[in-house]
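Trainee: Show me the folded form of this:
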Amino acid sequence: MALSRPCLMLVSDRSLCPDLVGAVEAAVTGGVDAVQLREKDMPSEELLPLARRLRQATEGRAVPTGRQVLLLVNGSLAVALAADADGVHLPEDAPPVERPREGFLVGRSVHSLAAACRAEAEGVDYLIAGPVYETRSHPGRELVGLSLIEEITRSVRTPTLAIGGVTAERVDEVVRAGASGVAVISAILAQPDKRAAADGLRRALDAARKRSPALRRPR
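Mentor: Just a heads-up that it's a prediction; the model follows:
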């Protein structure tokens, strides 16, 4: 199992929408092919039921290309396993985890080239690097910019998604910088029409793919 290329990952933030499950269903219909459940303030006894609902919302679903929609849980391997998720996503400073089964994905957030190299040495399946642009979910946070995406993708082979302020209009430049896709929060969840927002990002990614030799090559 692997992330699609180019990947459109939706990272959850229930503070942006009262019906997170409904928003995820709409986003998947629009073209999201990976969903990361990231609710760090939610205790495990509440996170697990939500993860199971999102598993139902994504299981057996496919984007128009036929790729299956993946579910990843941020931080908690125990919740990911209990919800039958496809993988776990780790913060930059979290300790490595032992892969519990073949095909189970492990991803990691990185904010520097050194962190990306360490993560690749661990054998993670993908990286999320950022924030690339100013973002409403982390206002005032130091930006890494496109230069870090370029540095990482020149130095490591692990697929890298760009996060932080990415919009449909900015997709082409992050793909040209070497990103294998994008991870977004507000670009979908803060929009009145989640399906249309996801569709716009999906179309932008697919158009960028046609102009990117790296993304056209089979893995």
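Trainee: Quick check: next helix or strand after the helix or strand containing Cys117?
Mentor: Assigned by DSSP states H and E, Cys117 falls within helix 113-122. Next helix or strand after helix 113-122 toward the C-terminus (DSSP H and E): strand 126-129.
Trainee: Distance from that next one to the middle of the chain?
Mentor: 8 Å (C-alpha atoms, centre = their mean, to the nearest Å).
Trainee: Show me what it is packed against.
Mentor: Contacts defined by 3 or more C-beta pairs under 8 Å, 6 or more residues apart in numbering; DSSP states H and E place strand 126-129 against strand 105-110, helix 113-122, helix 145-155, strand 160-163. Using the backbone N, CA and C atoms, a C-beta is placed for each residue, glycine as well.
Trainee: now the helix holding Cys117, how far from the centre of its chain.
Mentor: Using C-alpha atoms, centre = their mean, the offset of helix 113-122 from its chain centre is 18 Å.
Trainee: pLDDT below threshold where in the chain?
Mentor: Where the chain drops to pLDDT under 70, the residues are 62-66, 136-143, 213-219.
Trainee: for it, what spans make up the strands?
Mentor: Under the criterion DSSP state E, strands of the chain are mapped to 7-11, 34-37, 70-74, 87-90, 105-110, 126-129, 160-163, 181-184.
Trainee: follow-up on the earlier one: need the helices and strands packed on strand 126-129 in TSV (columns: mean neighbour count and distance to Leu81).
Mentor: Shown next, in TSV, are the helices and strands packed on strand 126-129 (neighbours: other C-beta atoms under 10 Å; distance: least, C-beta to C-beta, whole Å):
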stretch	mean neighbour count	distance to Leu81
strand 105-110	24	12
helix 113-122	17	19
helix 145-155	17	29
strand 160-163	28	23
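Trainee: Between the two ends of stretch 85-103, what distance do you get?
Mentor: 11 Å (C-alpha to C-alpha, to the nearest Å).
Trainee: Same question for stretch 113-133.
Mentor: 17 Å.
Trainee: related to what we said a few turns ago, quick one: closest of the strands of the chain to Arg211.
Mentor: Among the strands of the chain, the nearest to Arg211 by C-beta to C-beta is strand 181-184 (14.5 Å).
Trainee: which helices and strands does the closest one pack with?
Mentor: Against strand 181-184 (3+ C-beta pairs under 8 Å, 6+ apart) you get strand 7-11, strand 160-163, helix 194-210.
Trainee: For that strand, list the C-alpha coordinates in CSV.
Mentor: Taking Å, rounded to 0.1, in the frame of the first residue of the first chain, the C-alpha atoms of strand 181-184 are listed here in CSV:
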residue,chain,number,x,y,z
GLY,A,181,1.2,16.0,-3.6
VAL,A,182,-0.3,18.3,-1.0
ALA,A,183,-1.9,18.1,2.4
VAL,A,184,-4.6,20.7,3.2
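Trainee: Thanks a lot, see you next time.
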